[in-house]
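S.K.: Using only what follows, build the 3D model:
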Amino acid sequence: MTSITYRITGLMFLAITFTVFLLIFLANQQMTNLFQNYLADLYEHSAGHIMGPNMMGMQGMMGLQEQEFLSSVHDSLIWVGSAIIIVGLAASYALARSITVPLRKLNAGVREIERGNLSHKVEVDSNDEVQQLAAAFNRMVAALETNNRLRKQLLADIAHELKSPLAVIQGNLEGMIDGVIDTDKEQLTSLFEESVHLNRLINDLRDLSLAEAGQLSLERAPADINQLVSHAVGMVKHLAEGKSIEVNCVLGELPPVEVDANRMRQVIFNLLTNAVRYTDTGGRVMVETAAERHEGKNWVAISVRDTGQGIAPEDLPHIFDHFYRADKSRNRKSGGTGIGLAIVKQLVETHGGKVVVASKPSEGSCFTVVLPMAA
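M.R.: Numbers count the residues shown, from 1 in each chain. Coordinates of the predicted model:
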């Protein structure tokens, strides 16, 4: 395949050469005619009478010096034209290189990505569309590198979360088989709780993957959001009472909203569970609902505010990532599996809404879910 450098250079060179030859030809014709007319007028005035073109040819009016002058002008035009062609050839090649060299760098970058080198960046020193293309390429590579890192972290986190309950179940069963552990109700209850936790984790992962793939089916029907909130608050009452946490509701007047009631109840329950879990003993959790209008549409807002420990600024951008927890020890007593908020985000966005968070360390957090009302 012919290089685009030579193709651009050749096309520009042909255009410049054709233009130069045309200008030289026209300049030579005009120079000869004008110079001969000048000599004819000069001869007529010096002879004192009018001489028609039939009496003497124009060539006969030019002496040796005039012919040498005209020839020197023609030669100068040819040399100037040749110089322009050479400069044009060099300029064409330089212009073609300025376009193709960045493209070659991009091509080399694509090959590096193909080899799996996701840290490769393309450096282009220009301020044109090629530089914008290189910047877009670098952003794409950065996104790929981030996604690859998150994928590896996700696999490691899934393995960690599955390993713990499986290890407990396996260890207890081995102990029972060997007769080291008594097969009593307490041990069986412990194994049952671990199996429930494992099953819940697998179901959450399934729902999360389906939601991200856009394949999670929703059974939408008109639902009372305030009723869903009240039901979720009742489900976390025992957890809040165990820490002497006060849970209050301020429910506004809302019309029925087309949602999957079970999925939306899961969203509210996850937010309330997180709020209670990360609020210190004697704290307070407030749930508010209200109708809002912005962006030219009607929305239902559900806010869950707590007086807990808050979220550090460096953790806030990742709070909805899979398995992300500010507590890097991943102690189940201090938090869940780390996918509850990821599920909240995906379920809310599947309903056409959005979820945002505002938080300051030691001042608590506020998660707000916004759902669109039916038109």
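S.K.: so where does C249 fall, helix or strand?
M.R.: Applying DSSP states H and E as the criterion places C249 in strand 246-251.
S.K.: Check which helices and strands the helix or strand following that strand is in contact with.
M.R.: Once the chain leaves strand 246-251, the next helix or strand it forms, by DSSP H and E, is strand 257-259. With contacts defined as 3 or more C-beta pairs under 8 Å, 6 or more residues apart in numbering; DSSP states H and E, the packing partners of strand 257-259 are strand 221-223. From N, CA and C alone the C-beta is placed, and that goes for glycine too.
S.K.: And the strand it packs on, what's buried?
M.R.: A223 (16 or more other C-beta atoms under 10 Å).
S.K.: Now do whichever helix or strand comes after it: which elements does it pack against?
M.R.: Toward the C-terminus, strand 221-223 is succeeded by helix 225-235 as the next helix or strand (DSSP H and E). Packing partners of helix 225-235 (3+ C-beta pairs under 8 Å, 6+ apart): strand 246-251, helix 261-277, strand 284-294, strand 297-306.
S.K.: Mean neighbour count, mean pLDDT and distance to V141 added to those, as a markdown table?
M.R.: Below are those laid out as a markdown table (neighbours: other C-beta atoms under 10 Å; pLDDT from 0 to 100; distance: least, C-beta to C-beta, whole Å):
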| stretch | mean neighbour count | mean pLDDT | distance to V141 |
| --- | --- | --- | --- |
| strand 246-251 | 14 | 91 | 47 |
| helix 261-277 | 21 | 90 | 34 |
| strand 284-294 | 16 | 91 | 36 |
| strand 297-306 | 20 | 92 | 37 |
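S.K.: how far away is Q187 from N172?
M.R.: Here Q187 is placed at a distance of 6 Å from N172 (C-beta to C-beta, to the nearest Å).
S.K.: Please say which of these two ends up with more neighbours.
M.R.: Higher neighbour count among Q187 and N172: N172, with 18 against 15, using other C-beta atoms under 10 Å.
S.K.: List phi and psi for the residue lying closest to D260 once chain neighbours are set aside.
M.R.: Closest residue to D260 apart from its sequence neighbours, by C-beta to C-beta, 6 or more residues apart in numbering: L218 at 4.1 Å. In terms of degrees, to the nearest 10, the main-chain angles of L218 are phi -110, psi 140.
S.K.: Does L218 touch E349 like I think?
M.R.: No - contact between L218 and E349 fails when scored by C-beta atoms under 8 Å: they sit 11.7 Å apart.
S.K.: quick one, the strand holding C249 and helix 225-235 angle?
M.R.: With axes from the mean of the first three to the mean of the last three C-alpha atoms, to 10 degrees applied, the angle from strand 246-251 to helix 225-235 works out at 170 degrees.
S.K.: next structured bit after the lowest-mean-pLDDT helix or strand in the chain?
M.R.: Here the helix or strand of the chain ranked lowest by mean pLDDT, DSSP states H and E is helix 58-61, holding a mean of 48. Counting by DSSP H and E, the element after helix 58-61 in chain order, helix or strand, is helix 64-114.
S.K.: Which other helices and strands does that following helix contact?
M.R.: Looks like helix 64-114 contacts helix 4-47, helix 129-178 (3+ C-beta pairs under 8 Å, 6+ apart).
S.K.: that older thread, shared neighbours, Q187 and N172?
M.R.: Common neighbours of Q187 and N172, counting by C-beta atoms under 8 Å, 6 or more residues apart in numbering, are I181.
S.K.: Okay, now the unreliable bits of the stretch 101-250 of the chain?
M.R.: Scanning the stretch 101-250 of the chain for pLDDT under 70 picks out 124, 126, 128.
S.K.: rewinding a little: so can I have a markdown table of the helices and strands packed on helix 64-114 showing distance to L106?
M.R.: Output for the helices and strands packed on helix 64-114, formatted as a markdown table (distance: least, C-beta to C-beta, whole Å):
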| stretch | distance to L106 |
| --- | --- |
| helix 4-47 | 13 |
| helix 129-178 | 6 |
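S.K.: Which residue, neighbours along the chain excluded, lies closest to D182?
M.R.: M176 (7.8 Å).
S.K.: Tell me how many other residues crowd V229.
M.R.: Using other C-beta under 10 Å, V229 is surrounded by 23 other residues.
S.K.: For it, list the residues it contacts.
M.R.: Neighbours of V229 in contact, by C-beta under 8 Å, 6+ apart: 249, 251, 268, 287, 289, 302.
S.K.: which one of these is nearest S362?
M.R.: Within the contacts of V229, the smallest distance to S362 is 21.5 Å, found for V287 (C-beta to C-beta).
S.K.: could you measure the closest one against E123, distance?
M.R.: For V287 relative to E123 (C-beta to C-beta), the value is 52 Å.
S.K.: give me the number of residues near the residue nearest to F21 when sequence neighbours are not counted?
M.R.: Distances taken as C-beta to C-beta, 6+ apart put G81 closest to F21, at 7.1 Å, once the chain neighbours are dropped. G81: 20 surrounding residues under other C-beta under 10 Å.
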